[in-house]
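S.K.: would you be able to build a 3D model of this:
(one chain, ligands or ions: 1)
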Amino acid sequence: MRKITLIPGDGIGPEVIFATKKIVDFLNIDIDWEIINAGENTYKKTGEYIPKTLIDSINKNKIVLKGPITTPVGKGFRSINVSLRKKFDTYANIRPLKSLHGVGKMYKNVDLVVFRENTEGLYIGIENKINEDKTQAIKVTTRKASERIAKKAFDYAIDNKRKKVTAVHKANILKITDGLFLECVREISKKYPSIEYEEKIIDNMCMQLVMNPEKYDILVTTNLYGDILSDLSSGLVGGLGLTPGANIGDDIGIFEAVHGSAPDIAGRFVANPAACILSAAMMLDYIGEKFSADLIRNALYKVIEDGNNLTRDLGGNSNTWEFTQSIINNLCI
Ligand code: NAI
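M.R.: The predicted structure is shown next:
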């Protein structure tokens with residue numbers, strides 16, 4: 001029996017996480033969930049944002065399914081999400097974005113995977129207040145982190161029969177930091193002659209994605225640009241409710257939706273659990289349960305294609321549980 005750490009999270013987190021657990025449990029996969037929470041709610045109850053029991057559980061189990069965790073804007077504690085990624089060195093944030101029949105307003109052929117460097121850049125959390133009117137943030141780029149995210153993107157391209165990797169940067173302005181990132185990706189690209197390689201400046205990339213998203217395949221980029229590009233690309237394929245993600249290190253995988261805790265809709269059971277369900281499917285792929293992962297993806301795609309029992313963000317009127325039950329009804333086992 002494989003133990004997996006389950007973090008319900010804040011806001012809509014428990015709603016989408018337990019909907020997802022219901023689907024995975026329905027398939028009778030040999031999983032023993034270790035449910036331990038972190039974040040704002042946990043702090044209110046225990047005085048700790050990340051309990052030691054959670055750290056121990058992740059170190060032991062190595063696989064995590066995680067709900068979103070709230071981070072206050074402009075004040076308060078450092079992001080728990082960033083802390084977990086840093087602590088467990090899950091350096092590759094992988095976010096597949098694919099058009100699904102029946103959703104998304106304009107784009108029908110988007111099939112992108114964003115590889116976001118997950119441990120450094122502007123997310124290292126070093127900010128200084130020089131005086132009341134002057135502040136600064138430090139951006140760190142290392143050869144090690146840039147090379148390993150590039151390698152992950154190219155390896156994925158080979159393993160998944162993808163054709164092109166685009167490195168996204170701002171090395172025309174950030175000549176030293178993004179310059180090093182670009183130099184590393186360029187070097188790694190030479191080891192993969194069968195994969196087409198190109199480079200795009202981040203501002204142009206945003207425009208290209210809105211104009212011609214179908215021309216892009218795998219994007220590899222730094223932490224902040226990856227964060228922004230994956231939300232932008234979510235918008236191309238029907239919104240944040242549909243975009244899954246994985247934080248992968250050498251031996252630890254933390255799987256979570258791209259979206260946050262959505263406080264504006266939390267507690268109303270209108271959240272779309274699809275992004276979390278698709279993240280769980282990525283997790284099942286990772287642990288060698290590809291058959292079950294495909295069953296879940298196919299059932300979800302079928303529900304979306306049929307257009308019945310959709311959540312509000314997808315144009316329907318159903319709640320989280322009705323949508324989840326429809327997926328279970330479509331699991332052909
Ligand atoms: P958000 O992703 O929570 O919400 C953005 C918009 O998308 C909202 O209108 C929300 O209602 C909608 N939305 C998001 N997920 C949805 C779903 N599953 N179904 C239907 N609609 C959905 O982003 P926001 O508002 O910027 O952040 C809220 C909090 O979440 C912040 O504290 C932020 O730091 C945190 N956050 C946490 C993440 C994580 O734990 N990995 C990732 C992103 C944000």
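S.K.: what residues does the stretch 201-333 of the chain have near the ligand?
M.R.: Proximity of the stretch 201-333 of the chain to the ligand, by CB under 6 Å from any ligand atom, involves residues 240-241, 256, 259-265, 271-272, 275, 313. No exception for glycine: its C-beta is placed from N, CA and C like everyone else's.
S.K.: need those in CSV (columns: neighbour count).
M.R.: Shown next, in CSV, are these (neighbours: other CB atoms under 10 Å):
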residue, neighbour count
Leu240, 19
Gly241, 25
Glu256, 29
His259, 25
Gly260, 18
Ser261, 23
Ala262, 22
Pro263, 12
Asp264, 8
Ile265, 18
Ala271, 30
Asn272, 29
Ala275, 25
Asp313, 19
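S.K.: inside helices: which ones of those residues?
M.R.: Residues of these located in helices (DSSP state H): Ala275.
S.K.: measure the residue of the stretch 201-333 of the chain found nearest the ligand to Val165 for me?
M.R.: The nearest approach of the stretch 201-333 of the chain to the ligand comes at Gly260, 2.3 Å away (CB to the nearest ligand atom). According to CB to CB, to the nearest Å, Gly260 stands 28 Å off from Val165.
S.K.: how about Gly67?
M.R.: Distance of Gly67 to Val165, computed by CB to CB: 31 Å.
S.K.: cool, and Pro72?
M.R.: Pro72 is 36 Å from Val165, where distance means CB to CB.
S.K.: what about these two, which has more around it?
M.R.: Val165 (26 against 10; other CB atoms under 10 Å).
S.K.: my guess is that one contacts Ser194. True?
M.R.: No - contact status for Val165 versus Ser194: not in contact, 11.1 Å apart, counting by CB atoms under 8 Å.
S.K.: hmm, back to that, check the residues of the stretch 201-333 of the chain next to the ligand and tell me the two furthest apart.
M.R.: Spanning the widest gap among those are Glu256 and Asp264, at 19.2 Å by CB to CB.
S.K.: all the strands of this protein, in order from the start?
M.R.: With DSSP state E as the criterion, the chain has strands at 2-7, 31-35, 63-66, 92-98, 111-117, 127-131, 134-137, 164-169, 196-201, 218-221, 246-248, 253-256.
S.K.: for the closest residue to Glu322 other than its chain neighbours, what are its contacts?
M.R.: Using CB to CB, 6 or more residues apart in numbering and skipping residues adjacent in sequence, the residue nearest Glu322 is Asn309, 5.1 Å away. Residues near Asn309 by CB atoms under 8 Å, 6 or more residues apart in numbering: 303, 316, 318, 322-323, 325-326.
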